[in-house]
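# sequence below, structure please.
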Amino acid sequence: MSALTGKHVLVLGLGESGLAMARWCALRGARLRVADSRQTPPGLDTLRADAPLAEIVVGNFGAEVLSGIDLVALSPGVDPRIGIAAEARHRGLPLTGEMSLLAQALDELGVRAQTRILAITGTNGKTTTTALTAALAQAAGLDAVAAGNISPAALDVLMDRLAQGAPLPECWVLELSSFQIETMHALDPEAATVLNVTDDHLDRYAGLDEYAATKAAIFEGRGVQVLNRDDARVAAMALPGRSLIRFGASAPAATDDYGLVEVAGAAWLVRGRERLLALADLPLAGRHNAANTLAALALCEGGLGIAPQRLTGAVVAFRGLPHRVELVAERSDGVRFYDDSKGTNVGATVAALDGMDCPVVLIAGGDGKGQDFSPLREAVVRRARAVVLIGRDAPRIESALQGSAVALEHAPDLDAAVVRASEQAQPGDAVLLSPACASLDMFRNYAHRAEVFIAAARRLPEVRAS
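Now for the predicted structure:
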């Protein structure tokens, strides 16, 4: 019997995580109500098929959805401090989320003691680091899955395994957004990391301090902390009495920390003084991806006890993920087109620019989510030949870059921006889509934005797919 059995549970929001929570609660015997402000939210047909007894409320609704409710499960997109969620809290109703339900499930199924959980957050790099960490754990022989914000939802993985009668994963590598961490309780990962903290989601948080504090809650429990020593906000998250592994793009001070060193003019990834892998052999471009790789190695050591020397072959074999500084096309004169549509904040775009080894024509703009764009300026001066701006917050980015001596212009849409960027690119340059913004002002999502960019690039004369 589950703690959910017989409980009247309200799931707010029917995105991927919300649907997974609803299906799981129904499977465990809860009386289910699901509410979503959209008239036809995604997953509605699946919910009706898998939870036919669920009460479904769509469109406008008020506090009446809380009537008779024992527990409220929040989708990540639902802010717990406002609206119905805030009213639920005011009434003393407990709030939960997918990660808390996962922790409860592993406990109830009697497998938590044999399970290893690695948890990853950060403003940038968390999806790549999650996928890489799971690949490294798999290369070491573990049944490891990447889930959470990266997709699939962790509860979907759990339900699929149970439905198949298959063993549950030995290792869960969980990408967690700050929104997911807000409702995370009792997960107690064996190792966790905050990769970095830069401006993002400031339309939800009062400022960077509140955003960082939310990220830091990933370290609840007793597990190993993996901290970026180059990020002052992250370095300050070290907790007394906890095992700690630090990583960064500099030489490590301690023998069990990770970093980069120069040896005879070549950069190496190292643990302490031991060389692990030449930076030139790393398939993921840029020093920011070297830092992500070091974090993944540290997580595997700290949370799984796997020595990094065993994993270098798997690091070299890892090819990265779509839409993250992905080479998608090349012109006959050597101009390369890179898709970094997942670069939805300033920090991601700065990292993408600094990872380039040639002059860049940058395409940026969209929904800025209340960010400060001024940190883009130095990276643009260092790396960019020109910048083509699109989207709602293009004027704000232009204002931040004024006086940089880099050519700036606006384009009415992404297709036109690609044409103009290609015209400005000289042989050997890179055309980089790294918007520093969310996509919803112009596109369905960041993947749709990437599709438009790739198609536009490949339509250009003398350009071929890569």
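
# element containing residue 25, please.
According to DSSP states H and E, residue 25 maps onto helix 16-27.

# neighbouring strands for the next helix or strand after that helix, and are they parallel or not?
Following helix 16-27 in sequence order, the next helix or strand is strand 31-36 (DSSP H and E). Strand pairing for strand 31-36, using DSSP bridges, gives strand 8-12 (parallel), strand 55-58 (parallel).

# in the next helix or strand after strand 31-36, what's buried?
Under the assignment DSSP H and E, the closest C-terminal helix or strand after strand 31-36 is helix 44-50. By neighbour count with 16 or more other CB atoms under 10 Å, helix 44-50 contains the buried residues 44, 47, 50. (Each C-beta comes from the backbone N, C-alpha and C, glycine too.)

# equivalent analysis for stretch 398-407, please.
For stretch 398-407, by 16+ other CB under 10 Å, it's 398, 400, 401, 406.

# same question for stretch 18-33.
Those would be 18-28, 30-33, for stretch 18-33 by 16+ other CB under 10 Å.

# and what of stretch 452-460?
Quick answer for stretch 452-460 (16+ other CB under 10 Å): 452, 453, 454, 456, 457, 460.

# okay if I get these as CSV plus pLDDT and secondary structure?
Below are the buried residues of stretch 452-460 laid out as CSV (pLDDT from 0 to 100; DSSP: H, G, I helix; E, B strand; the rest coil):
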residue, pLDDT, secondary structure
452, 98, helix
453, 99, helix
454, 98, helix
456, 98, helix
457, 99, helix
460, 98, coil
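
# report the two of those residues separated the most.
Maximum pairwise distance in those, criterion CB to CB, is 13.6 Å, between 452 and 460.

# just give the nearest non-adjacent residue to residue 226, would you?
residue 193 (3.8 Å; CB to CB, 6 or more residues apart in numbering).

# what does that neighbour show for phi and psi?
phi -140, psi 150 (degrees, to the nearest 10).

# to residue 446, which of the strands paired with strand 31-36 lies closest?
Per CB to CB, nearest to residue 446 of the strands paired with strand 31-36: strand 8-12, 24.0 Å.

# residues in contact with residue 15?
Residue 15 makes contacts with 41, 42, 43, 75, 76, 77, as judged by CB atoms under 8 Å, 6 or more residues apart in numbering.

# now the fifth one: closest residue in space, sequence neighbours ignored.
The reference is to residue 76. residue 179 (3.7 Å).

# does the one you found touch residue 80 like I think?
No. Judged on CB atoms under 8 Å, residue 179 makes no contact with residue 80 at a distance of 9.1 Å.

# so how far is residue 400 from residue 378?
11 Å (CB to CB, to the nearest Å).

# using TSV, please lay out the strands paired with strand 31-36 together with mean neighbour count.
Conversion of the strands paired with strand 31-36 to TSV gives the following (neighbours: other CB atoms under 10 Å):
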stretch	mean neighbour count
strand 8-12	25
strand 55-58	15
